[in-house]
Structures are given as structure tokens and as C-alpha cells.
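Student: Following is a predicted model, sequence given first.
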Amino acid sequence: MLYCKKCNVKVRTNHKYCPLCQSPLGGEAEEDDQLFPDIDERIDTSGIMIQIFNFLCCAIIIVAFMANWMMNSKDWWAVWVAGGVLCMWVFFTVGLYKRKNLMKNAMWQLCLITVGTIIWDVAIGWRGWSINYVMPIAGLITMAVMIIIAIIAHLTSPEYMIYFLMNCLHGLIPCILVLTDQITVIVPSIIYVGCCALFLSALIIFQGKAVWSELQKKFHM
């Protein structure tokens, strides 16, 4: 360890001069004498992964159009391939940028799936599969995923309450569609609406104060 004869102190650094009197230090510096530990330099690979994913999306679209063109097909199926890749790119990008908050990420994905599949259903000729199956099933899966996240991550009620309420609010959409006879296959939607009603009842009965407190914060009541 380095030593200052003038100040009669030991200096636990690798400096050449005493930090008190600026006199030359004697002795030899050791590895354990470093004031701060060495930090391993880590390479952030997320940027590279995004670039590779973007390139793969572009490559799939280009190859699809090339194959469609070479086949001389009158049906431009490559457009639907491009649409599917674009949807996948949106879901991946949102999931990546919202990865720090998994609950918010889950709700973003649910909203994107709901809107994206309805647009897709309309674009290919309305058949109703987006509201008959995708919307309620995606809502149920999102609810289950958020419950698992809350349990595993040991989240407190302020950290998950608003997202559970948003999930239950999403359940109103299939409920309204069922009541207005817009849904032809009602079983998935009724199961989803029932689960949302049960879940909302549990939140109000067991954590009513937390629900009210969270609503006051969000709406400045």
C-alpha cells in the first residue's frame, strides 16, 4: 500500500502524490488498493438485434414480392405477407420499448392485437373472426399473463391495479358487441366478459380502497 511520510497516512489509491499535501508517495500500489473496482465492459446487443430483425422483415417482404412476381400470379398474396410481417414488426417493437414495464407491455399488446386483427379482418373481407375469437381469447390470455407477472414479481397494488382495471374495461367491448348482436359466436366472449366481471368484483371487494385510490390518482379526483 502507498504511504505518505509527511502526513503519516496510508493512501489506498494508485496515485503518485498524496491527496492531502501533494508529496510523493512511497511504497508500492497493490491491486486491492484501487478506490473503485474495475467494471466489466458489456456490449449492448439490443441495437444489433433490432437491426437484424428489421433486415429480416424487409428480406421476407422483398422475397415474397419477388416470388409472387416470378409466379405471374394474378392474386397478390405478397401483400398479405407484407401485412403480416408489418404486424409482427409493430408487436415486436412495442414489446421491446415497453419491456421495462411488463404489465404495460401486456396491455399495449392487447390493444394492438384488438385493433390490428379488426383492421385485418376488414381488409380481407369481413368474416368476424377478429371479434368472435381473437378479441376474447387475447383478453383472457392477457389477464392470465398479468396475474402471473404480479405474483412472480411480487408487485404491490399500485403497480398492477390500473392495468387490471384496464383489462376489465377491455372486456366491455365484447359485452357491447354481444348485446348488439354483432358477435355470431358468443361463447368465447361470454367467458371473457364473465371472467372480467368476476375479476372486477374481486378487486372491489378485497382491494376496494386500493382501487379507489388508484382511480383518484389517475383522474385527479
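Tutor: That came through, no problem.
Student: Please state the backbone phi and psi of Tyr3?
Tutor: Main-chain torsions, Tyr3, degrees, to the nearest 10: phi -140, psi 140.
Student: separation between it and Lys16?
Tutor: Separation of Tyr3 from Lys16 (C-beta to C-beta, to the nearest Å): 13 Å. C-beta coordinates here come from the backbone N, C-alpha and C atoms, glycine included.
Student: buried ones in stretch 112-126?
Tutor: For stretch 112-126, a neighbour-count test (16 or more other C-beta atoms under 10 Å) marks 112-114, 116-118, 120-121 as buried.
Student: related to what we said a few turns ago, looking at Tyr3 and Lys16, which one has more neighbours?
Tutor: Each of Tyr3 and Lys16 has its neighbours counted (other C-beta atoms under 10 Å); Tyr3 has more, 14 against 10.
Student: got the buried residues of stretch 112-126 as JSON lines, with distance to Asn132, pLDDT and secondary structure columns?
Tutor: JSON lines is the format used below for the buried residues of stretch 112-126 (distance: C-beta to C-beta, whole Å; pLDDT from 0 to 100; DSSP: H, G, I helix; E, B strand; the rest coil):
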{"residue": "Leu112", "distance to Asn132": "19", "pLDDT": "90", "secondary structure": "helix"}
{"residue": "Ile113", "distance to Asn132": "14", "pLDDT": "90", "secondary structure": "helix"}
{"residue": "Thr114", "distance to Asn132": "13", "pLDDT": "93", "secondary structure": "helix"}
{"residue": "Gly116", "distance to Asn132": "16", "pLDDT": "89", "secondary structure": "helix"}
{"residue": "Thr117", "distance to Asn132": "11", "pLDDT": "91", "secondary structure": "helix"}
{"residue": "Ile118", "distance to Asn132": "11", "pLDDT": "93", "secondary structure": "helix"}
{"residue": "Trp120", "distance to Asn132": "14", "pLDDT": "87", "secondary structure": "helix"}
{"residue": "Asp121", "distance to Asn132": "10", "pLDDT": "89", "secondary structure": "helix"}
